[in-house]
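Novice: Compute the structure for the input listed below.
(one chain, ligands or ions: 1)
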Amino acid sequence: MKANILVVEDDGAVRSLITTALTMFGYKVGHARDGAEAIMEAVSLQPELFILDLGLPDMDGVDIIARLRMWTNNPIIVVSARGEIHDKIAALDAGADDYLTKPFSVEELMARVRAALRKMSYDNSPQKGANVFVNGGLRIDYAANSVFVDNMEIHLTPMEYKLLYLLSRNVGKVLTHRYILQEIWASDFESTTQSLRVFMASLRKKIEKKRSEPLLLKTHLGIGYRMVRLQDDGV
Ligand code: CA
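Specialist: Now for the predicted structure:
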């Protein structure tokens, strides 16, 4: 399946130029016209790649990069009219993967998109197909449905395991309440956001070393939960 891409650009003409090209290549495209919309769409669409303009009406693109980098490692390609070397350095230092100066060639942008996605799938591949997940002191053997914390096996209820499975398979990404509820319960009961909180609390009690300072499972208030990647070389 082709990747989901979020285009953040306040200039309508440039936005539709990029969108048309991406759609032609079969990508799914989401839009944002300013920084606030970009953050919101980033959380709800969970795009595999971002194309980001720096000069936005409400926020500087460099700040958006920094915000995104708090919870996603997916590639960010900057497309900006700012061609100065210090602008590029600021964007790359904040966490952008690539930088294209306007006016740009659509063909070149598409090539950079392909390159960034290729690199990402290469980076992610050992973890995605693996049957054992390691993150800090946590180890999950998916084949055996068993979970270890600092080499001690811990016992989870089926619901806790499902929740942990989902968060670990999406390590580094914020999962919205709604997404988790649909994946785990496949239902829309109004009470389930509350039950989700209860299951999270019991899961944390079992896998976090200090419950008062959860390192592994972060809460994003009003949005959802995320498992933090504590090390990069999980096998
Ligand atoms: Ca702009």
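Novice: bridging residues for the one residue in the chain that gets nearest to the ion?
Specialist: In the chain, the residue found nearest to the ion is residue 55; the distance is 3.8 Å by C-beta to the ion. Bear in mind the C-beta positions are built from the backbone N, C-alpha and C, glycine included. Judged by DSSP bridges, the bridge partners of residue 55 are residue 60.
Novice: Helix or strand next in line after the lowest-mean-pLDDT helix or strand in the chain, which one?
Specialist: Across the helices and strands of the chain, the lowest-confidence element by mean pLDDT, DSSP states H and E is helix 106-129, at a mean of 77. Read in the C-terminal direction, the helix or strand following helix 106-129 is strand 132-135, with elements assigned using DSSP states H and E.
Novice: what about that following strand, average pLDDT?
Specialist: Confidence for strand 132-135, expressed as mean pLDDT, is 90.
Novice: In the sheet, which strands lie alongside that strand, parallel or antiparallel?
Specialist: Taking DSSP bridges as the criterion, strand 132-135 forms sheet pairs with strand 138-141 (antiparallel).
Novice: need the next SSE after the strand it pairs with, C-terminal direction.
Specialist: Using DSSP H and E, the next helix or strand after strand 138-141 towards the C-terminus is strand 146-149.
Novice: in its sheet, what does that next one sit against?
Specialist: Under the criterion DSSP bridges, strand 146-149 sits next to strand 138-141 (antiparallel), strand 152-154 (antiparallel) in its sheet.
Novice: Of the ones you listed, flag the one that's most buried.
Specialist: Comparing these on average neighbours per residue, with mean count of other C-beta atoms under 10 Å, the densest one is strand 138-141 at a mean of 19.
Novice: pLDDT weak spots in the protein?
Specialist: Low-confidence segments of the chain (pLDDT under 70): 1, 122-130, 186-191, 231-235.
Novice: where does it come near the ion, residue by residue?
Specialist: Where proximity means C-beta under 5 Å from the ion, the interface of the chain facing the ion comprises 10, 53, 55.
Novice: how does it look with 6 Å?
Specialist: 10, 11, 53, 55, 56 (C-beta under 6 Å from the ion).
Novice: re earlier: can you give me every residue that contacts the residue of the chain closest to the ion?
Specialist: Listed by C-beta atoms under 8 Å, 6 or more residues apart in numbering, the contact partners of residue 55 are 10, 61, 80, 81, 82.
Novice: Now with 10 Å, please.
Specialist: The neighbours of residue 55, taking C-beta atoms under 10 Å, 6 or more residues apart in numbering as the test, are 9, 10, 11, 61, 80, 81, 82, 102.
Novice: quick one: which of those sit in helices?
Specialist: The members of these that map onto helices under DSSP state H are residue 61.
Novice: Just the buried residues of the contacts of residue 55.
Specialist: Using 16 or more other C-beta atoms under 10 Å as the burial test, the contacts of residue 55 include 9, 10, 61, 80, 82 as buried.
Novice: for the second one, what are its contacts?
Specialist: Just to be clear, that refers to residue 10. With C-beta under 10 Å, 6+ apart, residue 10 has these contacts: 32, 33, 34, 35, 37, 53, 55, 56, 57, 58.
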